[in-house]
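Novice: let's see this in three dimensions:
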Amino acid sequence: MLTLLAAGSVFFPGLFLLSKKCLKSIPALRWSEGDAVIVSARLVSSLQAVMASSAGYIIASSCQDIIEDQHWLTSTYIMFAVPYFVYDIYAMFMCYWYKLRVKGHEEASAAPQHMGSAVRSYLRREFLMVLHHVVMVTVCFPVSVFWRQGKGDYFQGIMFMAELSTPSVCLGKILIQYKQQHTLLHKVNGALMLVTFFIFRVLLFPYLYYVYGRYASIPFLMVPLTVPWHCNVGAALLMAPQLYWFSLICRGALRLFTGTSRSQRPRAPTADAKEHPTDGSALAQPANGYSTRSTEPELTTH
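Specialist: Residues are numbered from 1 along each chain as shown. Sure, this is the predicted structure:
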């Protein structure tokens, strides 16, 4: 167990640092520190999502009995991936720290100048995501590894597959960060994000209730009254932020595909605008690249 935790603690931060170094040093790229940090964090999140989804598919497809069947990969990947959620809190902060310093953002002068104020501002803006990560480590980890007592690996595998929506979310953040909302790629990725998030996150718990109802030969609507109360509470707490994030995705998709979002390439600011920014342009934006004043909603999810 400790070996897997140590491996995850080295793998995810190490991959982040390696990616950042490559993006900064490759002659064809030579990105700035801020650009390299932001993109590296998204790459690591996407890779973790692919690994988790692959593990989830292997686990779920190998379980014939959804309650009793076990697969060695279940607890193994949980212990390996737990350090990722700790690392990602730091990576999200680094994205926030460099967000306003990315080339081309006229709001750079509004970036926090002291680490303490930056941390407090980051926690306010990303409170829900930070709370989600903390719960994953302090609650979901011990429940999944110890409390289950080896039962329900199928359900755990299906929950791993919720990460299938993460790569499109990460790509969307990068495209918005670098003002590529006018591109076809952004629209295609937005549609993909909407579909995958709905299927693998919003429908996740209704599907698990449906599968258990078939297994126990009880009607779907009777499942919440049959399973232990703490299962219902846990499902509700995990699903609530998914519904909130999905509502933001829907709002963004509606604006994007109805033409009310910024569909044209943004104009370069004039010299006068650079010298005399308005109060609105001085507002800091969240680390994920969604402006609080933009037509695109804020979304932070993994």
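
Novice: helices or strands next to the helix or strand hosting residue 56 in the packing?
Specialist: Assigned by DSSP states H and E, residue 56 belongs to helix 33-62. In terms of contacts (3 or more Cβ pairs under 8 Å, 6 or more residues apart in numbering; DSSP states H and E), helix 33-62 is packed against helix 2-25, helix 72-99, helix 153-160, helix 166-177. In short, each C-beta sits where N, CA and C put it, glycine included.

Novice: for that helix, what is the average pLDDT?
Specialist: Regarding helix 33-62, the rounded mean pLDDT is 94.

Novice: so it versus helix 166-177, what angle?
Specialist: 160 degrees (axes from the mean of the first three to the mean of the last three Cα atoms, to 10 degrees).

Novice: now helix 33-62 against helix 153-160, angle please.
Specialist: Angle of helix 33-62 versus helix 153-160, following the same axes, to 10 degrees, is 150 degrees.

Novice: what's the neighbour count on residue 134?
Specialist: Residue 134 has 13 neighbours, counted by other Cβ atoms under 10 Å.

Novice: residues contacting it?
Specialist: Contact analysis of residue 134 by Cβ atoms under 8 Å, 6 or more residues apart in numbering lists residue 89.

Novice: my guess is residue 93 meets residue 122, correct?
Specialist: Yes: look at residue 93 against residue 122 with Cβ atoms under 8 Å: they come within range, at 5.1 Å.

Novice: the helices and strands packed on helix 33-62: which one's closest to residue 190?
Specialist: Taking Cβ to Cβ, helix 166-177 is the member of these nearest to residue 190, at 6.4 Å.

Novice: please name every helix or strand in contact with whatever helix or strand comes next after that closest one.
Specialist: On the C-terminal side of helix 166-177, the closest following helix or strand by DSSP H and E is helix 184-197. Counting by 3+ Cβ pairs under 8 Å, 6+ apart, the packing neighbours recorded for helix 184-197 are helix 166-177, helix 229-257.

Novice: what average pLDDT does stretch 91-104 get?
Specialist: Across stretch 91-104, pLDDT averages out at 74.

Novice: angle of the helix holding residue 56 against helix 72-99?
Specialist: 160 degrees.

Novice: hang on, the earlier thing: format the helices and strands packed on helix 184-197 as JSON lines; extra columns: mean neighbour count.
Specialist: Putting these into JSON lines (neighbours: other Cβ atoms under 10 Å) gives the following:
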{"stretch": "helix 166-177", "mean neighbour count": "22"}
{"stretch": "helix 229-257", "mean neighbour count": "16"}
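
Novice: which one's more surrounded, residue 93 and residue 122?
Specialist: Shown here are residue 93 and residue 122; by other Cβ under 10 Å, residue 122 has more neighbours (22 against 19).

Novice: re earlier: ok, which of the helices and strands packed on helix 33-62 comes nearest residue 196?
Specialist: With respect to residue 196, and counting by Cβ to Cβ, the nearest of those is helix 166-177 at 5.9 Å.

Novice: quick one: list the elements packing against that closest one.
Specialist: helix 33-62, helix 184-197.
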